[in-house]
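Student: what follows is a predicted protein model with its sequence.
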Amino acid sequence: MSAASLSVLGRFFPFLSFRSSFGFVPEGAMAVEEELAPAGVDGRRFRTVHLQHTPVMVDTIAEAATYAAAVTLAENYRASKGHLASLSITAGGAAYHFQNVHIGAVDATVASGSVVGGGASSSSAAFVTCRWVLEQTEFPESDSA
């Protein structure tokens, strides 16, 4: 069972482990503001320029049957940089789905051996750890500035 998955460029990437820098994926956009400081006026104001989702750094682990398969998987991860993906996460029995997630950065590392965790180990011969930078691009009508 996968903790999360990405679908990009017609490929499906399941992950055994999915950990974000926030511990979750923020769903709301944040306001990007501009300071207004007119000359000769004591004080300042701010105005909202636009809304933007916060980029999220994510660490994943995926297993592969062979070392060569892990290298191919890492290359496919790297090829997805700059594209839009669908992200699905399962945490605590709840499912979260995000469409049109931009992949801003990919840093994949291949290692031989099985994945061990939670008192169990996989039967895989290799695995890929990857650090992703993901950013949502969809803005619900309620998020408009």
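Tutor: Yes, it's here.
Student: helix or strand right after the host helix or strand of E35?
Tutor: Using DSSP states H and E, E35 falls within strand 30-36. Moving toward the C-terminus from strand 30-36, the next helix or strand (DSSP H and E) is strand 45-52.
Student: looking only at pLDDT, what's the mean for that following strand?
Tutor: Strand 45-52 carries an average pLDDT of 76.
Student: now the helix or strand just after that strand: buried residues?
Tutor: Using DSSP H and E, the helix or strand that follows strand 45-52 in sequence is strand 56-64. Residues of strand 56-64 classed as buried: V56, V58, T60, I61, A62, E63, A64 (neighbour count, 16 or more other C-beta atoms under 10 Å). Quick note: C-beta positions are derived from backbone N, CA and C, even for glycine.
Student: partner residues bridging the first one?
Tutor: Applying DSSP bridges to V56 yields these beta-bridge partners: L134.
Student: what does the fifth one give?
Tutor: The residues listed as beta-bridge partners of A62 by DSSP bridges are V128.
Student: roughly how far does it sit from Y77?
Tutor: 9 Å (C-beta to C-beta, to the nearest Å).
Student: overlap in contacts, those two.
Tutor: Overlap of the contact sets of A62 and Y77 (by C-beta atoms under 8 Å, 6 or more residues apart in numbering) consists of F13, V128, C130.
Student: the longest strand in the chain is where?
Tutor: Across the chain, the longest stretch assigned as strand under DSSP state E is strand 94-112.
Student: so which helix or strand takes in N76?
Tutor: With DSSP H and E as the criterion, N76 is inside helix 67-79.
Student: low-confidence stretches in the protein?
Tutor: Scanning the chain for pLDDT under 70 picks out 1-2, 24, 26, 50, 117-122, 139-145.
Student: beta-bridge partners for A95, please?
Tutor: Beta-bridge partners, per DSSP bridges, of A95: T90.
Student: close enough to count as contact, it and I89?
Tutor: Yes. At 7.3 Å, A95 counts as touching I89 under the criterion of C-beta atoms under 8 Å.
Student: which one's more surrounded, those two?
Tutor: I89 (20 against 8; other C-beta atoms under 10 Å).
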